[in-house]
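A.B. asks: the following block contains a protein sequence and its predicted model.
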Amino acid sequence: MDKNAKRLFISFLIMMLSLTGCTQISGEPESDNQATSLVSEDEEDDEIEDSVPEEGTTASEYDWNEVHFNGISFWVPAEWEKDDSLGENNVLYEDTKSPDYAQFEYEINTDISSEQREDPVLLEDAVMTYDYIWVGATKGQAVLIGTRLAYKVIGTYYQDQIEYQGHVYYIPVGDFGIVRATFMHAKGGDVQSDSSCLEMMISTLKTDDGSVPDDSKDLGIADLGTLPVTLVNAEGFVVKVDSVEDTVVNISIINKSDEERTISLEDLSINGYMVEGTFNYEYGGDQRSSTNCAVEAGGEKEVELTASDLDVFGIKNIGRVGIKFYCVDSDYDEFYDSDYVLFNASEDYVAEDYATCHMSDEIVYQDDTVIITYEGIANGYVYLCVQNLKNEVIDIRGSKISVDGEFYDASARATVYPETICIMKIDNVKVSSGSSMDISFTINLNSSHYSTDNCSVNL
């Protein structure tokens, strides 16, 4: 079979199923152990005891390489030909001695909800809607790959007058991603394999959280584009950002409900720097400044959002805003919790044009997640800067703090959003120029955390 024909066959695999009568499943998924034989339907549920090829099989003659692919991992014969010309998220491995092959495809599918990803019956319904695999399939069932729920389909397929027995796994990864892993064993043609390589590949199929793409994760981040934007429209409570003037963000709030509603500011960034924000508005004839802004039932309010420490970063004009907030009703029950919402003040926003402050060259710690620099001492406090290099929120804690060998009951913490730099202040320590401080950091991401060794800072 030439490659173009095979690619076309793979893309339209579902339309070529020859048998009917898919067995739908319900209830608890069976543990698959990724080990179903491809030799015959009678043997298709036999499990391979481990991931060591049986002596005398083709698989035992090959070297094997581990592959990490968008939330899954597996082993593949080194002698098989890899074809990654199908796209960044589509890879094909072909046996060089038989028509056998395996293909792995990844895509984002936000239509499959988190509930469907965690329930075998709901996952089956979602996969049936997502891909027309059911016309002619002989069996479909929910399986566990490690601790992750997946869906497996078995069927007999024909291409170029060759009969294939195929296994297709639909594996949810992250919050929005799904991998379709297809294993095809040719039962006809001039050359037939013993299927041991495909069996080995399936037996090594695992989930791999370390390779889950960022675009499959619900990172709690939303970019709304350019003003004007709507921050929230929930239960009759509407918050819009209308314009930006110099260092003031103009917000309008409409409360269409029959009770007082309040918006509370959690975090704010301006031009990529984390700052302290304040709502400024009129309430009962008085001017108020607070991180909370209440609007009476049926009322409207014009609010100015400002930041008190823009001068620290030399910010004179606002180009890009990031905001995190929540809304409560008159009983202080939360009815809306926002993502970290980003928007631009103008269509021609360029980050470099607003980069008014730069981190020092005195690096305390650096990896592919964060850069932490020493910025100096002021009023007895030690100031560090933290830059987030990831596209997700990072929480950083500093602990085990000592100055000139003397340990202090002190700590520091910073929540740093994507594209931002944040100041971390260390207090409750006695410091002076010329001292030496040691500190370690715990860095928390959405799905992982780690701690650093002690880092030394010459003050």
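C.D. replies: Structure received. Note that the coordinates shown come from a computational prediction; the quantities given were computed from them, not determined experimentally. Residues are numbered from 1 along each chain as shown.

A.B. asks: now the helices for the protein?
C.D. replies: 3-11, 58-61, 114-118, 120-130, 196-203 (DSSP state H).

A.B. asks: nearest to Tyr417, of those helices?
C.D. replies: helix 114-118 (23.0 Å; C-beta to C-beta). C-betas here are computed from N, CA, C, even on glycine.

A.B. asks: Tyr281 reaches Leu305, doesn't it?
C.D. replies: No: the pair Tyr281 / Leu305 is not scored as a contact, 9.6 Å apart, by C-beta atoms under 8 Å.

A.B. asks: these two: which is more packed in?
C.D. replies: Leu305 (23 against 20; other C-beta atoms under 10 Å).

A.B. asks: if I look at the more buried one, how far off is Gly225?
C.D. replies: 18 Å (C-beta to C-beta, to the nearest Å).

A.B. asks: over to Ile443?
C.D. replies: 30 Å.

A.B. asks: more neighbours, those two?
C.D. replies: Ile443 (21 against 10).

A.B. asks: re earlier: please produce CSV containing the helices of the chain, extended by distance to Val364.
C.D. replies: As requested, the helices of the chain are arranged in CSV below (distance: least, C-beta to C-beta, whole Å):
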stretch, distance to Val364
helix 3-11, 50
helix 58-61, 50
helix 114-118, 38
helix 120-130, 46
helix 196-203, 45
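
A.B. asks: least reliable of those helices going by mean pLDDT?
C.D. replies: Within these, the stretch with the lowest mean pLDDT is helix 3-11, showing a mean of 44.

A.B. asks: buried set for stretch 114-124?
C.D. replies: 116-117, 119-120, 122-124 (16 or more other C-beta atoms under 10 Å).

A.B. asks: so for the closest residue to Glu66 other than its chain neighbours, what's the pLDDT?
C.D. replies: Excluding the flanking residues, the one nearest Glu66 by C-beta to C-beta, 6 or more residues apart in numbering is Trp75, at 5.4 Å. Turning to Trp75, the model gives it a pLDDT of 96.

A.B. asks: check the one 3 residues further on too.
C.D. replies: At Ala78, the pLDDT value in this model is 95.

A.B. asks: re the thing from before, do you know which of the helices of the chain lies nearest Ser435?
C.D. replies: Using C-beta to C-beta, the nearest of the helices of the chain to Ser435 is helix 114-118, at 49.7 Å.

A.B. asks: who does the closest one touch, helix- and strand-wise?
C.D. replies: helix 120-130 (3 or more C-beta pairs under 8 Å, 6 or more residues apart in numbering; DSSP states H and E).

A.B. asks: could I have the helix it packs on exported to CSV, CA atoms only?
C.D. replies: Output in CSV follows, covering the C-alpha atoms of helix 120-130 (Å, rounded to 0.1, in the frame of the first residue of the first chain):
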residue,chain,number,x,y,z
PRO,A,120,-17.7,5.2,31.3
VAL,A,121,-21.2,5.4,29.9
LEU,A,122,-21.0,9.2,29.3
LEU,A,123,-17.6,8.8,27.7
GLU,A,124,-19.0,6.2,25.3
ASP,A,125,-21.8,8.5,24.3
ALA,A,126,-19.3,11.4,23.8
VAL,A,127,-16.9,9.3,21.7
MET,A,128,-19.8,8.1,19.6
THR,A,129,-20.7,11.7,18.9
TYR,A,130,-17.1,12.8,18.4
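
A.B. asks: quick one: neighbours of the residue nearest to Gly220 when sequence neighbours are not counted, just the number.
C.D. replies: Distances taken as C-beta to C-beta, 6+ apart place Asp339 nearest to Gly220, at 4.8 Å, with adjacent residues excluded. Asp339 sits with 17 neighbouring residues when counted by other C-beta under 10 Å.

A.B. asks: check contacts around Asp339.
C.D. replies: Contacts for Asp339 (C-beta atoms under 8 Å, 6 or more residues apart in numbering) come out as 220-222, 324.

A.B. asks: which one of the residues you listed is nearest Val67?
C.D. replies: Taking those together and measuring to Val67 by C-beta to C-beta, the closest member is Ile221, at 29.3 Å.

A.B. asks: list the contacts of the residue nearest to Arg413 when sequence neighbours are not counted.
C.D. replies: For Arg413, ignoring the flanking residues on the chain, the nearest one in space by C-beta to C-beta, 6+ apart is Arg397 at 5.0 Å. By C-beta under 8 Å, 6+ apart, Arg397 lies in contact with 411-413, 441-442, 444.

A.B. asks: quick one: buried ones out of those?
C.D. replies: Applying 16+ other C-beta under 10 Å to those flags 412, 441-442 as buried.

A.B. asks: out of these, who's nearest Ile270?
C.D. replies: Nearest to Ile270 among these is Ala412, at 21.9 Å by C-beta to C-beta.

A.B. asks: which pLDDT value belongs to the closest one?
C.D. replies: For Ala412, pLDDT reads 91.

A.B. asks: mind picking out the helix or strand in this structure with the poorest mean pLDDT?
C.D. replies: helix 3-11 (a mean of 44; mean pLDDT, DSSP states H and E).

A.B. asks: return the backbone torsion pair for Asn428.
C.D. replies: phi 60, psi 30 (degrees, to the nearest 10).

A.B. asks: export the buried ones among the contacts of Arg397 to TSV and append columns for distance to Val52.
C.D. replies: TSV is the format used below for the buried ones among the contacts of Arg397 (distance: C-beta to C-beta, whole Å):
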residue	distance to Val52
Ala412	50
Phe441	42
Thr442	39
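
A.B. asks: among those residues, which lie within strands?
C.D. replies: Using DSSP state E, 412, 441-442 are the members of these that sit in strands.

A.B. asks: which one of those residues is nearest Tyr130?
C.D. replies: The closest of those, once distances to Tyr130 are taken by C-beta to C-beta, is Thr442, at 39.0 Å.

A.B. asks: just name the most buried of the helices of the chain.
C.D. replies: Counting by mean count of other C-beta atoms under 10 Å, helix 196-203 has the highest mean neighbour count of the helices of the chain, with a mean of 25.

A.B. asks: how about the strands in the stretch 1-150 of the chain?
C.D. replies: 30-31, 64-69, 72-77, 81-83, 90-94, 101-108, 139-145, 148-159 (DSSP state E, counting those that start in this stretch).

A.B. asks: tell me what Phe441 is bridged to.
C.D. replies: Gly398 (DSSP bridges).

A.B. asks: quick check: it touching Ser451?
C.D. replies: Yes: using C-beta under 8 Å, Phe441 makes contact with Ser451 at a distance of 7.0 Å.

A.B. asks: mind giving me the domain split of the chain?
C.D. replies: 3-216, 221-354, 363-458 (automatic domain parsing).

A.B. asks: how far does the shortest one sit from the chain's center?
C.D. replies: Between the centre of domain 363-458 and the centre of its host chain there is 25 Å, according to C-alpha atoms, centre = their mean, to the nearest Å.
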